[in-house]
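Chemist: Here is my input; please provide its structure:
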Amino acid sequence: MLAVVAAMREELVALLDAVERPEDAGTVAGRRFLTGRLAGHEVILTQAGIGKVAAATTASVLATRFDVAGLVLVGTAGGLAPHVAVGDVLVARNLLQHDVDASPLFPRFEVPLTGRARFPTDPRLTAALAEAARAVVAAPPGALRTFGLSGPRLHEGLVVSGDAFVSSAAASSALRRAVPDALGVEMEGAAIAQVSHDFARPCAVVRTVSDRADDVAHVDFARFVRDVAASYARDVVLGALERLPD
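Modeler: Numbering: from 1, shown residues only. I've put the predicted structure just below:
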């Protein structure tokens, strides 16, 4: 059984509506879990909550209580790299916690006692998501045009996570200087990746870029999540599952 999670219910709602034969799997640690089928695969879905601790709690419950075979995180992110635009899709190849700094005991960004700063996503899951995302951005939802956006692109690479919401040009610039190859920033992915590593579970992360992580509010966030990001998440996950063996 594969887990599909998002920080906010609004990011997950289109996928919840697509679940076949949904069943309530109970509430654990304040999170309600729903099982069912998507594209022929057994899945479990839940709202993880916002931030690294909430994400880590959710991933730990999924690994221990439900013994999931893998985890997929969907949702939104802020764009960091200059070529990443609002409406684009990010598929993470690696994840890093940009607010971890135990120096001088350990190098900056390295998670103490793990020997690593970057946690890779699962190649098979990630490749399936990337292939599905490439098809989605080639024929994006019509709602994208209502935001004055067109020509979305797929980007694969490093996504960074932290418990501070990055929403100023100064903070965004500082992140780009510290981690020059970061494509985007969000608040949960690296925690999901670390817990997945600890429990030897494959994981993957796909994000829709909703802003440029700066002082400018490019779109109505709530409407963008509802009309664009939630649809992206549904279509990308369904497309990826269709590409994976049952």
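Chemist: can we go C-alpha only for contacts and neighbour counts from here?
Modeler: Fine.
Chemist: For the top helix by length along the chain, C-alpha coordinates in CSV please.
Modeler: For the chain, the helix that runs over the most residues, judged by DSSP state H, is helix 123-138. This file holds the C-alpha atoms of helix 123-138, laid out as CSV (Å, rounded to 0.1, in the frame of the first residue of the first chain):
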residue,chain,number,x,y,z
PRO,A,123,14.4,6.5,-8.3
ARG,A,124,11.5,4.4,-9.4
LEU,A,125,8.7,6.4,-7.8
THR,A,126,10.4,9.7,-8.8
ALA,A,127,10.8,8.6,-12.4
ALA,A,128,7.1,7.7,-12.6
LEU,A,129,6.1,11.0,-11.1
ALA,A,130,8.4,13.0,-13.4
GLU,A,131,7.1,11.2,-16.5
ALA,A,132,3.5,11.9,-15.4
ALA,A,133,4.3,15.5,-14.5
ARG,A,134,5.8,16.0,-17.9
ALA,A,135,2.6,14.9,-19.5
VAL,A,136,0.5,17.2,-17.2
VAL,A,137,2.5,20.3,-17.9
ALA,A,138,2.3,19.6,-21.6
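Chemist: Which SSE is immediately downstream of that helix?
Modeler: Once the chain leaves helix 123-138, the next helix or strand it forms, by DSSP states H and E, is strand 154-161.
Chemist: Please identify the buried residues of that next one?
Modeler: If you call a residue buried by 16 or more other CA atoms under 10 Å, then strand 154-161 has these buried ones: 154-156, 158-161.
Chemist: between the residues you listed, which is closest to Val137?
Modeler: Within the set of the buried residues of strand 154-161, Leu154 lies nearest Val137; the separation is 6.9 Å, counting by CA to CA.
Chemist: Number of residues surrounding Glu192?
Modeler: Slight slip there: residue 192 is Ile, not Glu. The tally of other residues near Ile192 (other CA atoms under 10 Å) stands at 30.
Chemist: three-state assignment of it?
Modeler: Following DSSP: H, G, I helix; E, B strand; the rest coil, we place Ile192 in the helix state.
Chemist: roughly how far apart are it and Leu96?
Modeler: Spatial separation of Ile192 from Leu96 under the definition CA to CA, to the nearest Å is 11 Å.
Chemist: quick one on the thing from earlier: relative to the whole chain's centre, how far out is the longest helix of the chain?
Modeler: Between the mean C-alpha location of helix 123-138 and the chain-wide mean there is a distance of 13 Å, by CA atoms, centre = their mean, to the nearest Å.
Chemist: the strands in this structure, which residues?
Modeler: Along the chain, the segments classed as strands by DSSP state E run 2-6, 20-28, 31-38, 41-47, 70-79, 89-97, 118-120, 154-161, 182-186, 203-211.
Chemist: Adjacent strands (with direction) for the first one?
Modeler: According to DSSP bridges, the neighbouring strands of strand 2-6, each with its direction, are strand 41-47 (parallel), strand 70-79 (parallel).
Chemist: follow-up on the earlier one: Throw the strands of the chain into TSV and include mean pLDDT and distance to Leu244, thanks.
Modeler: Converted to TSV, the strands of the chain look like this (pLDDT from 0 to 100; distance: least, CA to CA, whole Å):
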stretch	mean pLDDT	distance to Leu244
strand 2-6	98	11
strand 20-28	97	18
strand 31-38	98	12
strand 41-47	98	9
strand 70-79	97	13
strand 89-97	98	17
strand 118-120	98	19
strand 154-161	98	19
strand 182-186	97	26
strand 203-211	96	14
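Chemist: Would you mind giving these as a markdown table with distance to Pro107 added?
Modeler: Supplementary listing: those in a markdown table, determined by distance: least, CA to CA, whole Å:
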| stretch | distance to Pro107 |
| --- | --- |
| strand 2-6 | 30 |
| strand 20-28 | 36 |
| strand 31-38 | 35 |
| strand 41-47 | 33 |
| strand 70-79 | 25 |
| strand 89-97 | 13 |
| strand 118-120 | 12 |
| strand 154-161 | 16 |
| strand 182-186 | 18 |
| strand 203-211 | 25 |
